[in-house]
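> Predicted model and sequence follow; I will ask about them next.
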Amino acid sequence: MSVMRFYYDPFSEFDRLFDDAFSFALLALHRVDVHEDAENNTVTASFELPGLKPEEVNIDVSHDRLTVSGETSTSQQRDERGFTVRERSWGKFTRTLMLPQGTKPEEVKAKMEHGLLNVTFPKAQPMQEPKRIAIHSE
């Protein structure tokens, strides 16, 4: 029978706890900024999607709602103290924004560059003032 030495560093678990906590927060939270362009009468929603390719992102328009969804996955491999450590993570995300009433899907345009997805759609038309109709009598 051979004797094996077993080394356990409890503090390495704290490192892993913090690494996992912060990496999940960055993976799960995809920021979105909304900007209005008064000159062109449009609104642009900018989604930060680092590391994703356009074919990994879906954009759906239905019932005056814009939904951006996708799936992220990462894989890391490193050598530590003679061991190979492989870690994989994955997750799905979805963000939904309300569109102005009556927005047609063909009016929504999307462009993605360097992990930044810009979705542009027309701004809501201002409500028309009520118009009084004259009543004519015979």
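Nice, thanks for sending it over. Numbers count the residues shown, from 1 in each chain.

> buried residues in stretch 55-65?
By 16 or more other Cβ atoms under 10 Å, the buried positions in stretch 55-65 come out as Val57, Ile59, Val61. All C-beta atoms are positioned from the backbone trio N, CA, C, and that covers glycine.

> whoops, I mixed them up, stretch 46-53
By neighbour count on 16+ other Cβ under 10 Å, the buried set for stretch 46-53 is Phe47, Leu49, Leu52.

> try stretch 85-105
Neighbour-count burial for stretch 85-105 [16+ other Cβ under 10 Å]: Phe93, Leu97, Leu99, Thr103.

> so the last one makes contact with Ser62?
Spelled out, it's Thr103. No - using Cβ atoms under 8 Å, Thr103 is not in contact with Ser62, being 10.7 Å away.

> So what does Lys111 have for phi and psi?
Main-chain dihedrals, Lys111, degrees, to the nearest 10: phi -150, psi 140.

> how deep is it tucked in, by neighbour count?
Number of residues near Lys111 (other Cβ atoms under 10 Å) recorded here: 11.

> separation between the nearest residue to it once chain neighbours are set aside and Asp33?
Spatial nearest neighbour of Lys111, chain neighbours left out: Asn118 (5.1 Å); criterion: Cβ to Cβ, 6 or more residues apart in numbering. According to Cβ to Cβ, to the nearest Å, Asn118 and Asp33 sit 10 Å apart.

> before we move on, what about His63?
From His63 to Asp33 the distance is 24 Å (Cβ to Cβ).

> so how far is the helix or strand encompassing the residue nearest to Lys111 off the chain centroid?
Using DSSP states H and E, Asn118 maps to strand 116-122. How far strand 116-122 lies from its chain's middle: 12 Å, per Cα atoms, centre = their mean, to the nearest Å.
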